[in-house]
Each structure stands twice: as structure tokens, then as C-alpha cells.
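K.L.:
coords please:
(one chain, ligands or ions: 2)
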Amino acid sequence: MIQTDTIVAISTPKGEGGIGIVRLSGPKALPISQQMFRSQPPLGQRVRYVEYGQIWAGGQSVDTGVAWFFVGPHSYTGEDTVEISCHGSMLILESVVGEALRLGATSAEPGEFTRRAYLNGRLDLIEAEAVIDLIQASSKASLENAYGQAGGRLSGMVRALKKQVVRALSLLEIGLDFSEEDIDDFGRQAIQDSLREVVDFSSRLADTFEGTKRRQEGYLIALVGRSNVGKSTLLNTLLGEDRAIVTPIPGTTRDLVEGRTIWSGDTVRLVDTAGVRQTDDPIEIEGIKRAAKIAQEADIVFAIFDSSTPWCDDDQAVLDLLPFEKSIFIFNKIDLASLFDRTKLENRSSSVVEISALTEQGIDDLKRETSHRMPLSKDVDGIGISRQRHQDCLFRVVKSTTAAIELLVSGQPDECVVFELREALSSLGEMIGEKTDEDVLDSIFSEFCIGK
Ligand SMILES: Nc1nc2c(ncn2[C@@H]2O[C@H](COP(=O)(O)OP(=O)(O)O)[C@@H](O)[C@H]2O)c(=O)[nH]1
Ligand SMILES: [Mg+2]
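P.N.:
Ligands and ions are numbered 1, 2, ... in the order given. Here you go, the predicted structure:
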């Protein structure tokens, strides 16, 4: 499946002002670049050497820069590749790309460099997908996970599972081919045990998906309470910016207002909500409905009460919609005299924090308590799967392998067991991309940006 065209793209789209890199890959990468980049010795005489020279476009020298050449298959894409590094002005970068196009290159599609790397066997599909995760990681933990996957750790696990299934399959198939060498009970038991390990490992890996996804998207924290307790003030304080409108008028916040921030390496999404209260205003009623819904979806709920006012019916209404197990009770406005009857909340939540969103007293305690309460993400030896596609494949592995075990246990013909195990094998193969449809690849690589 060798590509005959040479692609070009700016590889650092945010390079404006800094360094910009134009990347060419394909059979004509070197001859095209040699016409655009003039150095002594000329580009290509030395492989993996950085040459300094002039960059030519449209019949004139547009910049000086450096360029290097990788000879295929020892390059990222597996093809001949040239990278030209120049000043990061969009004008320069675009004129360099324009010149390459004029000389016969074609514009790279999003993710096409990585796609070619995959097609040329430089990366398997899991490793290629991890490149997207690396680029998009929103927390330290996601970055480490993506790095582990890009380095082949998840692929290694999948290959080990494949090996285990292949071993069971070959034992059964020998039995089928030479019926006089039928496997004894001891052998059957060993096959079952090994397949049980496959089921156990695959389902543990599949279970990591929710946690990894949450870590990537950020933990969702909903700020819920009756009106005027200081939800919007707290949101602004936590974000360090004036995101939500704050006024002493009840009913100011009517829709959800979201902001993102990073707390000790984790991305959190804070969502401010409409104050819960008795009202006839249809917009506010809808806002309160949304508040109740987001409280259910959130990983953590900040249930906010005003310690400077007495307990009221609206506070009770808030209590009625709270998922207690994931709520942190917050007494706000402790800079004012306390009038709130705390006994109303006794034994409702294990977490209670006192703060003043206005003076920022207690905010560090709140952040600390929140970190303790973040749901733990499961992982298997430090790896969590980050894609629905992987989870789907693993679920199919669990299903087929479980079916195989049941057939073995109930003494069904080995042909049926073999059929299920081949299914499991093909799902594992699909996961690392041994054989994948063109449209699946299209959808995976379209997530990339151009130049990667
Ligand atoms: N004294 C004091 N006032 C606060 C505090 N937090 C909020 N407020 C005030 O309470 C009023 C309502 O605040 P807001 O954030 O709009 O409440 P929301 O309706 O729950 O979003 C505003 O006048 C705020 O300035 C606090 O910690 N101390
Ligand atoms: Mg508000």
C-alpha cells in the first residue's frame, strides 16, 4: 500500500511568532525540498543532519532556516521525509507550503502523516490514536496515559492477550486435526483457566474507560443551592475571573455557566446553576430543572448554603434534589454573623467546609476536600483505555471468550469453541488495527489536526 504522492503541511499550526516547521513526506520529499532549500552541502547528502540554508519560494529567498532529511523507512511516516524549520510567520510558512505544492506536492489531510506511519507499519492503530491523545491531553494523568499508549504499553497488553488466545486455539485445533490426540481433561482445564484470565484482564481493561474519559474531559463539579447563597461568587473566585454575573437580586443566574480550571494537575469543569427557589418565571423554572439534572450528572456537587441567613424552605428544596454521596456541604459567607441552623444538615454528608467566597477564607480547604473526594480512576498497570472503539473491541473479546469457556465446560464440540475463539482473536486484532475498514480509519484520523 505504498503512497505515490508527496504530502506537505505546516506541522506547527500555532507557530506564529515562534518556530514554524513544514513537513514533507513521500517519494519526492527530497527532490522537492532541494529546489526550495539551498545549503552547503545540499540537503540529502547527509541523513539526519541539520543543514543551514536559504529557503526559496516564488523565485526569491524568503527566509533562512534549517532542514533535515530522514530516509524511509527510518522516519516517522516510514517514507522519505524532510522537515524545514523557519521563522514562524504564517506568511513565510504558507509561502513555503505554496512552493512545495507548485513543485508537485499535495496538501496533507488531517492526520495524514500519522496515517501513513500506520499504513507503513511504523505504528499500530492504538499507538496512532494515542498520538491524538498526547496532543489533546488536558491533565498530567491523561498525558502520562497517552504517553504510555503511544509507547506501545496498551498494544503490548493486547498482543499478550492475543498470544494467550492463540495458544488455546492451537491446542484445540491439534485435537481437531488428529482426533487420536484428543486433549485430556488436564489439558482442557488448563485451557479454561487461561481463557478465564483473558476474560478477567479484558474486562478490567474495558472498565477503565469511564475513568479515563472523565479525566480527559475534566471532573464535573456542579454548584447547587438556593438563590443568593453565593454560587456565582464562588464560581468566579475558583476560576479567578468574572465569569458569572453576581448581584444581590435573586434569580440572576438562569442558565448553566461553565468554566474550566486545573487543580493539582487535574482538569475540573465547574458549572454554576440557577438558584433553587419557588418561582413562576418559566425561564427560571427551566434553569432549576437544568440545575437538578447537572447535579445528577456531576462527579461532585458543591451544595452551598448561606450561613448568614436562617434555614428556609428553598434550602429544604435543595436538600431534596441532592445526591448526598457525592455532595460537599459548603457554608458560605462566614465573614458575616452566623444565623444558620446547621442541625438541619446533620449526618447528611461526610464533607462540610466553611468558606467566604468574598474574602476567599477557606477556599484552600475546599480545594483540598474536593481533591480527596474525586472519584478514583481505575487503571490496569497504569494504563486506562481512552476510546469507545477500544471498549467495544474488549467487550466483544469478553463475550466470545466467555462463550468459549461455557462451551468447553458443557462439553460441546471443539469446533464451536474454536469458532468463538477466532471471534475473540479478530476483535483483538481489530483493536490494534491489523485489519481495519477504510471508513474506521477515516473517522480516527479526522480527529487529528493537519500536519500531524
Ligand atoms: N458577605 C458576603 N457576601 C457574599 C459572599 N458570597 C456572595 N456574597 C454576596 O451575596 C450576593 C449573591 O451572590 P451570588 O454569587 O450572585 O449568589 P447566587 O445567587 O447563589 O449565584 C451578592 O451580593 C454577593 O456579593 C460571601 O462570602 N460573603
Ligand atoms: Mg448566581
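K.L.:
mind naming the longest helix for the protein?
P.N.:
For the chain, the longest helix by residue count, based on DSSP state H, is helix 153-177.
K.L.:
who does it touch, helix- and strand-wise?
P.N.:
Taking 3 or more CB pairs under 8 Å, 6 or more residues apart in numbering; DSSP states H and E as the contact definition, the neighbouring helices and strands of helix 153-177 are helix 125-136, helix 185-206, helix 388-409, helix 414-432. The way it works is simple: take the backbone N, C-alpha and C, and place the C-beta from them, glycine included.
K.L.:
for those, could you give me a markdown table that also reports mean neighbour count and mean pLDDT?
P.N.:
Listed next are the helices and strands packed on helix 153-177 as a markdown table, based on neighbours: other CB atoms under 10 Å; pLDDT from 0 to 100:
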| stretch | mean neighbour count | mean pLDDT |
| --- | --- | --- |
| helix 125-136 | 21 | 92 |
| helix 185-206 | 17 | 93 |
| helix 388-409 | 20 | 97 |
| helix 414-432 | 20 | 95 |
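K.L.:
can you tell me which of those helices is nearest to ligand 2?
P.N.:
Evaluated with CB to the ion, the helices and strands packed on helix 153-177 place helix 125-136 nearest to ligand 2, the distance being 31.4 Å.
K.L.:
and the contacts of the closest one?
P.N.:
Under the criterion CB atoms under 8 Å, 6 or more residues apart in numbering, residues 111, 114-115, 117-118, 123, 142-143, 145-147, 149-152, 154-155, 158, 216, 386-387, 389-390, 431-433, 436, 444-445, 447-449, 452 lie in contact with helix 125-136.
K.L.:
list buried residues within those residues.
P.N.:
Buried positions within the contacts of helix 125-136, assessed by neighbour count (16 or more other CB atoms under 10 Å), are 111, 114-115, 117-118, 123, 142, 145-146, 149-150, 152, 154-155, 158, 216, 386-387, 389-390, 431-433, 436, 444-445, 448, 452.
K.L.:
return only those of the residues you listed found close to ligand 2.
P.N.:
Among the buried ones among the contacts of helix 125-136, no residue lies close to ligand 2 (CB under 5 Å from the ion).
K.L.:
sheet partners, orientation included, of the longest strand seen in the chain?
P.N.:
In the chain, with assignment by DSSP state E, the single longest strand is strand 60-70. Strand 60-70 sits in its sheet next to strand 51-57 (antiparallel), strand 81-87 (antiparallel), going by DSSP bridges.
K.L.:
which of the residues in the first one are buried?
P.N.:
Going by neighbour count (16+ other CB under 10 Å), the buried part of strand 51-57 is Glu51, Gly53, Ile55, Trp56, Ala57.
K.L.:
what does the stretch 151-300 of the chain put close to ligand 1?
P.N.:
If contact is defined as CB under 6 Å from any ligand atom, the residues of the stretch 151-300 of the chain in contact with ligand 1 are 225, 227-233, 246-248, 252-253, 275.
K.L.:
tabulate those residues (a markdown table), appending pLDDT and secondary structure.
P.N.:
Below are those laid out as a markdown table (pLDDT from 0 to 100; DSSP: H, G, I helix; E, B strand; the rest coil):
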| residue | pLDDT | secondary structure |
| --- | --- | --- |
| Gly225 | 96 | strand |
| Ser227 | 93 | coil |
| Asn228 | 94 | coil |
| Val229 | 96 | coil |
| Gly230 | 96 | coil |
| Lys231 | 96 | helix |
| Ser232 | 95 | helix |
| Thr233 | 96 | helix |
| Val246 | 89 | coil |
| Thr247 | 87 | coil |
| Pro248 | 87 | coil |
| Thr252 | 87 | coil |
| Thr253 | 86 | coil |
| Gly275 | 92 | coil |
